[in-house]
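S.K.: sequence first, then the predicted structure, then my questions.
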Amino acid sequence: MISRALSQSAVASEARQWAEVARQHIVPENRKSILQLLTTIPPLLGLMITMYGTVEGAYWLTLLLSIPAAAFMVRLFAIQHDCGHRSFFKSRRLNDWIGNLIGVITLTPHAYWRYSHNTHHATCGNLEKRGLGDIKTLTVAEYLALSRWQRLVYRLYRNPLVMLGIGPVYLFVIKYRLPFDLLRRNRRLLIGVMITNLAIAAILSSLSFGFGFIEVLMVQTPIVVISSTVGIWLFYVQHQFENTYWRKDKNWDFHEASVMSSSYYDLPQPLRWFSANIGIHHIHHLSSRIPNYNLRSCLDDLPMLQKVNRISLWESLSLFRFSLWDEWTQSLRSFKSISKRD
């Protein structure tokens, strides 16, 4: 059972005060940011070089090394995430520059991702503004109004084998190459997507010239699959838990939603280090300008938030059973729990 020590009404009255405390932690320290880059990029490159050296003679070792390589890739994406909020460096331009460079490695066009992710932050928990930068979530009433075929499609979408199998590869390898939602939302971002695609193609072509196309696939594929799956998993746990928060626009409050729609994923070390404290997600949503290395100290200054929406690693393994938002009980429900209404 996920503990929830505070009622939503209590959170609504105190969330703005918590936000004021959180703002005291928003100033980035360039020294710490540079140190994070130095402890992330060189080890990742070193692991990749070793993988290319073993791909022909000991592919089992290549696959084994892909696990720590994927972990460093997750950490690198978390750094890009901070750059997207322009919280990693003091300079806005440096955040954008580093974010764009990292985006080539993580296969994530930075400007587009920043746009969609910041939209997610601005609308998280708002039932009337779903659809960009979030995981599709239907209400019970919406689901029951679907045809049987439409229900099957939604069930497949929410199935963990699809969500963590097909979904991550589709998102990072296919969708990010040409995100069609750009065409109706913000076409100017298309240039950044194309530049990222060209840079990715140039790097892969160079590697293929030096090592062979098949060898490049054998090295890069397990890293991409593992890291993208972990990334989707983290995002899922951060918002798809039983007592999360969804409201109609007229009842939606940004500060309340920031805390109550986001979890505190209390990961053990070294998972906390590799995910760059992104598990402290309720505070991150409360003030997205806090750099990842300040989230822990902010949590220490807000002891009440150490108990709100806390999810352990063990508890998180059961979250995939929640797939529908029940406006009556104000909680996520499983398909099985509402089957009697069918």
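M.R.: Received it, and whenever you're ready, just let me know what you need.

S.K.: mean confidence score for stretch 27-40?
M.R.: Regarding stretch 27-40, the rounded mean pLDDT is 98.

S.K.: start the count at 389 instead of 1 going forward.
M.R.: Taking 389 as the first residue, the last one we looked at is stretch 415-428.

S.K.: ok, residues contacting it?
M.R.: With contact meaning C-beta atoms under 8 Å, 6 or more residues apart in numbering, stretch 415-428 is reached by 460, 463-464, 467, 475-478, 486, 664, 679-682. (Glycine included, C-beta is placed from N, CA and C.)

S.K.: which ones among those lie within helices?
M.R.: 460, 463-464, 467, 486 (DSSP state H).

S.K.: reformat those residues into TSV and put distance to residue 424 next to each item.
M.R.: Conversion of the ones in helices among the contacts of stretch 415-428 to TSV gives the following (distance: C-beta to C-beta, whole Å):
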residue	distance to residue 424
460	11
463	8
464	9
467	6
486	11
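
S.K.: from those residues, which two are the most distant?
M.R.: Spanning the widest gap among the ones in helices among the contacts of stretch 415-428 are 460 and 486, at 16.1 Å by C-beta to C-beta.

S.K.: residue furthest from the geometric center of this protein?
M.R.: Relative to the centre of the chain, the most outlying C-alpha is that of residue 445, 35.5 Å out, by C-alpha atoms, centre = their mean.

S.K.: can you confirm that one is in a strand?
M.R.: No. Using DSSP: H, G, I helix; E, B strand; the rest coil, the assignment for residue 445 is coil, not a strand.

S.K.: give me the phi and psi for it.
M.R.: Dihedral pair for residue 445: phi -100, psi -20, per degrees, to the nearest 10.

S.K.: which of the contacts of stretch 415-428 count as buried?
M.R.: Buried subset of those (neighbour count, 16 or more other C-beta atoms under 10 Å): 460, 463-464, 467, 475-477, 486, 664, 679-682.

S.K.: of those, closest to residue 410?
M.R.: residue 682 (9.4 Å).

S.K.: show me what contacts that closest one?
M.R.: By C-beta under 8 Å, 6+ apart, the contact set of residue 682 is 413-414, 416.

S.K.: buried members of those into PyMOL, please.
M.R.: Burial among the contacts of residue 682 is assessed by 16+ other C-beta under 10 Å; the matching PyMOL selection reads:
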select buried, resi 413+416
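
S.K.: can you add distance to residue 505 and secondary structure and give the contacts of residue 682 back as a markdown table?
M.R.: Listed next are those as a markdown table, based on distance: C-beta to C-beta, whole Å; DSSP: H, G, I helix; E, B strand; the rest coil:
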| residue | distance to residue 505 | secondary structure |
| --- | --- | --- |
| 413 | 20 | helix |
| 414 | 18 | coil |
| 416 | 18 | coil |
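
S.K.: report pLDDT for residue 647.
M.R.: pLDDT recorded at residue 647 is 93.

S.K.: who does the helix or strand that contains it touch, helix- and strand-wise?
M.R.: Per DSSP states H and E, residue 647 falls inside helix 642-648. Applying 3 or more C-beta pairs under 8 Å, 6 or more residues apart in numbering; DSSP states H and E, one finds that helix 642-648 makes contact with helix 396-410, helix 669-674.
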